[in-house]
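S.K.: Build me a structure from this.
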Amino acid sequence: MKKKAVLIFVVLFVIASVVAVIAIEKNRNTPMERFIKTLQTTKHADDYVPVKILNNDENVQYEFLSYDLIDDKDIEKQTKYKAEFFVDGKVPPSDYIVKWTDYDAMARDYPKYDEWRKSGCSKGMTQTEAEEFMRIHEPEYTVDKHVKSKYLFVRCRITYMGNGRKEECLSLFDVFAMRRNEHIGPLNEFCYFDHPQPDIWEDGRTGDFFWYRFDKVGDSLECVLGCRLRGEHFDLSEENMYYIGFQPGTVYSGLDQFNPAHDKRCVALNDMPREAD
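M.R.: As a prediction, the model looks like this:
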């Protein structure tokens with residue numbers, strides 16, 4: 001009888017120990033890691049209901065419906081996104097060449113710039129000093145280079161809410177990436193819009209390409225907006241969590257406080273359905 005009681009005690013002790021170890025390991029993860037793990041295991045795109053998000057001016061409401069992500073090596077092969085709707089009037093080449101600046105090398109060589117960069121442009125230099133520094137030194141670290149890129153296409157329903165002009169720039173949302181606790185972005189370049197209105201362009205296609213004229217309050221447009229995510233700005237790893245939406249203020253203000261994983265103005269791509277080929 002005593003042997004049986006001892007055996008039961010040992011079994012219960014082992015179970016309790018295993019449960020305690022699991023709880024400790026779980027708590028070792030950061031809140032962001034637990035949040036990302038939850039998103040990856042519990043969200044289902046087929047249950048997705050678009051969230052209505054107002055842009056920062058509160059003139060236009062966005063609903064992000066679905067997305068597509070195409071590697072640069074495949075962008076010329078695809079036929080879904082037509083050349084006429086790219087801002088340059090042609091499908092980008094697979095070996096798209098950009099002016100690439102090695103900002104990491106610049107930061108290693110100039111500690112004040114490194115401090116300014118890491119602080120979200122608030123320490124080390126004033127804005128005027130930073131502009132002069134970049135004017136002098138950026139060309140030294142810039143070369144023509146093919147940078148690994150991905151093309152993100154987002155299907156949106158955009159509704160004009162009034163409270164301002166009826167002609168609106170629609171390429172205002174941002175793309176963000178999170179890897180663990182590191183926030184990367186926004187540094188996306190818009191390049192595609194499938195409902196252009198040439199009659200309201202003033203400078204050809206370039207700056208006005210993403211502007212759209214709504215007729216009245218409540219008018220909605222379902223469209224596809226596309227942007228290029230360049231590898232020197234984004235870590236294009238599949239491990240990242242990607243978000244689209246709006247950040248308060250300017251690009252450089254409040255980066256330390258802003259978290260797209262928790263902000264109601266942002267939507268995780270993993271939550272959205274992916275466009276069929």
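S.K.: use CA for all of it now, contacts and neighbours both
M.R.: Noted.
S.K.: What spatial separation is found between residue 63 and residue 223?
M.R.: 11 Å (CA to CA, to the nearest Å).
S.K.: So for those two, which sits in the more crowded spot?
M.R.: More neighbours surround residue 63 than the other of residue 63 and residue 223, with 19 against 16 (other CA atoms under 10 Å).
S.K.: Buried residues of stretch 194-210, list them for me.
M.R.: By 16 or more other CA atoms under 10 Å, the buried positions in stretch 194-210 come out as 194, 195, 196, 201, 205, 208, 209, 210.
S.K.: can you give me the end-to-end distance of it?
M.R.: OK, stretch 194-210 end separation, CA to CA: 9 Å.
S.K.: Show me what that stretch is in contact with.
M.R.: By CA atoms under 8 Å, 6 or more residues apart in numbering, the surrounding residues in contact with stretch 194-210 are 85, 87-88, 169-171, 193, 211-213, 223-225.
S.K.: Can you tell me the SS state at residue 76?
M.R.: Here residue 76 is coil, with the state taken from DSSP: H, G, I helix; E, B strand; the rest coil.
S.K.: what is the rounded mean pLDDT of the one helix or strand residue 226 maps to?
M.R.: Using DSSP states H and E, residue 226 falls within strand 220-230. Mean per-residue pLDDT for strand 220-230: 93.
S.K.: Contact partners for the residue lying closest to residue 97 once chain neighbours are set aside?
M.R.: Residue nearest to residue 97 in three dimensions, not counting chain neighbours: residue 146, with 4.5 Å by CA to CA, 6 or more residues apart in numbering. Each residue near residue 146 by CA under 8 Å, 6+ apart is listed here: 95, 96, 97, 98.
S.K.: at 10 Å instead, please
M.R.: For residue 146, the contacting residues are 94, 95, 96, 97, 98, 99, 100, 230, 231, by CA atoms under 10 Å, 6 or more residues apart in numbering.
S.K.: so what's the closest residue to the third one other than its chain neighbours scoring on pLDDT?
M.R.: If I follow you right, that is residue 96. Nearest residue to residue 96 in three dimensions, chain neighbours excluded: residue 146, at 5.7 Å (CA to CA, 6+ apart). Residue 146 carries a pLDDT value of 82.
S.K.: Would you mind measuring from residue 146 to residue 240?
M.R.: Taking CA to CA, one finds residue 146 at 22 Å from residue 240.
S.K.: Equivalent analysis for residue 147, please.
M.R.: 18 Å.
S.K.: before we move on, what about residue 216?
M.R.: Distance from residue 216 to residue 240, by CA to CA: 40 Å.
S.K.: Of these two, which one has the most company?
M.R.: Higher neighbour count among residue 216 and residue 240: residue 240, with 17 against 12, using other CA under 10 Å.
S.K.: Hmm, residue 261 and that one touching each other?
M.R.: No: look at residue 240 against residue 261 with CA atoms under 10 Å: they stay out of range, at 11.7 Å.
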